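# My questions concern the predicted model and sequence given below.
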Amino acid sequence: MLQAIKSLRWAQPVRALSSVTTSPGVEANLSPAAPAPEPDKLYSKLEIELRGIDPAVLKSYTWFATTAAEHLGIEKGNCWSPRKAHHERMTLLKSVHIYKKHRVQYEVRTHFRYMNFHKLTGSTLDTFLEYIERNLPEGVALQASRTELQQIPEHLRQPPEQV
């Protein structure tokens, strides 16, 4: 019987496998042994930091992400942004060699937006992050940090013996 299965090629139609018969009481395992699925991880919190130069785009993207979280059944936490943007100024000379008094200043303002989500499973978290990362607008940077829940190790579960 084993020789009959090994001689079949994958290019042959699946109907060829149905012609293999087994004796009663013996199970034929035609598919390779699939590993047992590991349990889904649990996360207590997901913190998302958004950076961009346009506060209106950040606010719109925050609305998009929270709406997506509501559709997935994710509990929304705080969404906030600091009042002031981070200013970075650069001063350069207009001329390369002379005229030190003639300078020009450039300024980049970076606005921040923070979002928190609570009580997520690993599969929901992966789906949510992939979805919002694929729809990230131009000029916006996203940084996500997650807090995973783990069981207490066995050696810490037992209370210490009294001395």
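Cool, got the structure.

# Helices along this protein, start to end?
Counting by DSSP state H, the chain has these helices, from start to end: 2-7, 15-18, 55-72, 122-134, 154-157.

# Of all residues in the chain, which one is nearest the centre?
For the chain, the residue nearest the mean C-alpha position is Leu129 (3.8 Å; CA atoms, centre = their mean).

# so that one touches Leu136, yeah?
No: Leu129 is beyond contact range of Leu136, at 10.7 Å (criterion: CB atoms under 8 Å). Any C-beta I mention is one placed from the backbone N, CA and C, and that applies to glycine too.

# who touches the residue lying closest to Asn78 once chain neighbours are set aside in this structure?
Among residues not flanking Asn78 along the chain, Asn116 sits closest, at 5.0 Å (CB to CB, 6 or more residues apart in numbering). Residues counted as contacts of Asn116 (CB atoms under 8 Å, 6 or more residues apart in numbering) are 45-48, 76-79.

# So which residues of this structure form strands?
With strands called from DSSP state E, the chain shows them at 42-52, 75-80, 86-93, 103-121, 140-149.

# Using a markdown table, please lay out the helices of the chain together with mean pLDDT and distance to Pro39.
Converted to a markdown table, these look like this (pLDDT from 0 to 100; distance: least, CB to CB, whole Å):
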| stretch | mean pLDDT | distance to Pro39 |
| --- | --- | --- |
| helix 2-7 | 38 | 33 |
| helix 15-18 | 40 | 33 |
| helix 55-72 | 97 | 20 |
| helix 122-134 | 96 | 9 |
| helix 154-157 | 83 | 17 |
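
# Adding distance to Thr91, write those out as JSON lines.
Converted to JSON lines, these look like this (distance: least, CB to CB, whole Å):
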{"stretch": "helix 2-7", "distance to Thr91": "76"}
{"stretch": "helix 15-18", "distance to Thr91": "75"}
{"stretch": "helix 55-72", "distance to Thr91": "25"}
{"stretch": "helix 122-134", "distance to Thr91": "36"}
{"stretch": "helix 154-157", "distance to Thr91": "56"}
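
# thinking again about what came up before, look up which residues are beta-bridged to the residue nearest to Asn78.
In this structure, Asn116 bridges to Glu47 when assessed by DSSP bridges.

# What is the end-to-end distance of stretch 111-131?
Length of stretch 111-131, first residue to last, CA to CA, to the nearest Å: 23 Å.

# Now do that stretch: distance to the chain's middle.
Computed by CA atoms, centre = their mean, to the nearest Å, the chain-centroid distance of stretch 111-131 equals 7 Å.
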